[in-house]
Each structure stands twice: as C-alpha cells, then as structure tokens.
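1. Next comes the sequence, and after it the predicted model I'd like to discuss.
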Amino acid sequence: MAKKTKYDRTVEDLGNIVFLEHLNVKAPDQRLSTIFYVMGLGLTRDPYLVTGINNMWINCGKSQFHLPTGPAQVLRGLTGLVIPGREALLERLEMVKDDLAQTSFMFSEKKDHVEVVCPWGNRFKVHEPGPKFPGMMLGMPYMEVNAPKGSSSGIARFYEEILDTPASAGKTSATVSVGPGQKIIFKETSKKLADYDGHHVAIYLANFSRPYEKLLKLGLITEESDQHQYRFLDIVDLKSKKPLVRLEHEVRSMRHPLYAREHTNRNPNISNRVYAPGHQDAVYASAPVSL
Ligand SMILES: [Fe+2]
C-alpha cells in the first residue's frame, strides 16, 4: 500500500489581512515617474483608471503603486518586487540612466536581487520569480518598514490582536502576514526615523468590522473614507497605548469595488520590432511552486 503523504495544513492558513494592494507615494513629475516605473522597471501604467496628470497608477501584477502628483514622499524602508527577467531589467535600467542622471536614481546588482532607487529615493529590491515567491511571476511580495529600537514585539502584538493576522517578533524585526505570499517586515533601526511624510499602504480585510471596533475604541481611526474603507495611522503598544511607529493604512473590505481587480500588465520585453501576437501581456500568476 502506498505511503500516505503527511501534509502540513497550517501552511495554507491565512490571517484577516488578505491582500497588500498598493503603496501610495506622491511624486512631483510624471515624466520622470514614467521613465522610472514604465521604461526602467518595465511596469505598466493602468490604462483604465486615474489616467490624467494629477495622479498615475502603476500596475505590478495584482498590486500597484499610486503616484499622486505632489511633493515627493518616501517609504521609510523598501518595497520587494518580483519581476521576471533580470538581464532585461538591467538593460532597461541602464537605458534610463542618462534621463534620470540628475535624480536619486541608482541601481546595483546583488546576489539574489537588483537594488533600485527611484528618482526621489524610494528603494526597491527586485527579485526573479522562483520558489521563494510561490505563485508570483510579477508582484509585490513584501515591504520592509523601518521601526524604532525595541518596537518589534509591540508591533507584532498590535497586528495579531487588532488586525487578527499572524505576526511574529524576532529580536530586531516583526513579520506580519498581509496576504497569501505577502508580508510587511518591520525592521528595527538605531538611526533616527525620517519624519512621517504621509505615504500610505492599502490592505484588504476579510473581517472588516472587528478591527474597526478595536481601532475606534483605541481612538486610532483617522478617516471614515466611505462604506468600504477607513484609515488608521499609528501602530501602538497595546499596554501603554503609546505609538510605536507610524504607517498610514488604507483599510478596505473585500466588498470594495476594486478588490482583486484584474490589472493590465504588459510584457516589457516585446516591442514593435519584436512582436508576436498574443505575447504582449505579462503573466502575473503561476510562478514555479516548490512541492
Ligand atoms: Fe490609497
């Protein structure tokens, strides 16, 4: 008789945060944003929504960057991305170097990723698809956010108890589950954090009202946006109620009209010179899965 496979069913568990959808950072110049995000990283401007000059949405698989036009905002940390084709990425980044010469743009090759900095200082680690990122060919698997010394256990407790999502604290970091294959990692730093400049992240919750009631009780709701959305800004120590770190969360329910919206993602390796019908789309799911 064949030996029965023993499955670890807990690997499939998911917390109450089901999706990290976007990072919103204001950017002052759409021309430079286009050079960086579309020509350099090879991502796609959303062709259907927010197509004017006061904002632009950049698709990266199922996730997005939102770039309202305004004084530059910078995430205090970095965004991890999965983009297929390291060599092609390096060629594109090389190609935009001159156009971005007077900005903070830079890139450097690391062993398992390419480090990239946007014209205004936002940092990215770009990885190839692979077993480390199951089911993801193109997307936003993680964000690293700087946090003060000694804040990790308090941050993990906040997400576990208030947002009802798995979170664990190590010695100098807290890792929070924000969707299948998506994490926010708060990393302690002894350096003084830059003043919070108003950037935000958008997350979706399965149970929307329970965290809302808890946040309301703590006085942490900062915006009652609409039926499907509210916001909070401070992550607090649940004992002392003192703020640990500030990161604005745009919190949405799964009934929000934009939940799991299909995004257009082009294949940046195809051009009018090298065109094959049916190959203009980038596939953003079905990366190799380790079994
Ligand atoms: Fe947003």
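-> That came in fine, so what should we check first? Residues are numbered from 1 along each chain as shown.
2. CA atoms for contacts and neighbours, from now on please.
-> OK.
3. And the closest residue to residue 115 other than its chain neighbours, how close does it get to residue 151?
-> For residue 115, ignoring the flanking residues on the chain, the nearest one in space by C-alpha to C-alpha, 6 or more residues apart in numbering is residue 125 at 4.7 Å. Counting by C-alpha to C-alpha, to the nearest Å, the gap from residue 125 to residue 151 is 24 Å.
4. Checking my notes, the residue nearest to residue 115 in a helix, right?
-> No - with the criterion set as DSSP: H, G, I helix; E, B strand; the rest coil, the secondary structure at residue 125 is strand rather than a helix.
5. Tell me, what's the model's pLDDT at it?
-> Per-residue pLDDT puts residue 125 at 98.
6. show me what contacts it?
-> 78-81, 113-116 (C-alpha atoms under 8 Å, 6 or more residues apart in numbering).
7. mind running it again at 6 Å?
-> Contacts were defined as C-alpha atoms under 6 Å, 6 or more residues apart in numbering; by that measure residue 125 touches 80, 114-115.
8. can you pull out the helices in the protein?
-> Counting by DSSP state H, the chain has helices at residues 30-33, 86-96, 152-158, 209-217.
9. Using a markdown table, please lay out those together with distance to residue 261, mean neighbour count and mean pLDDT.
-> As requested, the helices of the chain are exported to a markdown table (distance: least, C-alpha to C-alpha, whole Å; neighbours: other C-alpha atoms under 10 Å; pLDDT from 0 to 100):
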| stretch | distance to residue 261 | mean neighbour count | mean pLDDT |
| --- | --- | --- | --- |
| helix 30-33 | 23 | 17 | 98 |
| helix 86-96 | 26 | 16 | 97 |
| helix 152-158 | 29 | 22 | 98 |
| helix 209-217 | 22 | 15 | 98 |
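10. Which one, of the ones you listed, ends up nearest to residue 242?
-> helix 152-158 (10.1 Å; C-alpha to C-alpha).
11. Contacts for that closest one next, please.
-> Identification of contacts with helix 152-158 by C-alpha under 6 Å, 6+ apart yields 167-169, 173-174, 237.
12. for stretch 38-49, same thing?
-> Stretch 38-49 is contacted from outside by 37, 57-59, 92-93, 265, 268, using C-alpha under 6 Å, 6+ apart.
13. Give me the neighbour count for the residue nearest to residue 50 when sequence neighbours are not counted.
-> Distances taken as C-alpha to C-alpha, 6+ apart place residue 56 nearest to residue 50, at 5.7 Å, with adjacent residues excluded. Other residues near residue 56 number 23, with proximity taken as other C-alpha atoms under 10 Å.
14. Would you mind giving the helices of the chain as CSV with distance to residue 254 added?
-> Formatted as CSV, the entries for the helices of the chain read as follows, by distance: least, C-alpha to C-alpha, whole Å:
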stretch, distance to residue 254
helix 30-33, 30
helix 86-96, 33
helix 152-158, 22
helix 209-217, 12
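15. So for residue 66, which of the ones you listed sits nearest?
-> Shortest distance between residue 66 and these, using C-alpha to C-alpha, is found for helix 30-33: 10.9 Å.
16. CA atoms of that closest one as CSV?
-> C-alpha atoms of helix 30-33 as CSV (Å, rounded to 0.1, in the frame of the first residue of the first chain):
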residue,chain,number,x,y,z
GLN,A,30,5.0,62.2,-14.2
ARG,A,31,7.6,62.3,-16.9
LEU,A,32,10.3,61.0,-14.5
SER,A,33,7.9,58.5,-13.0
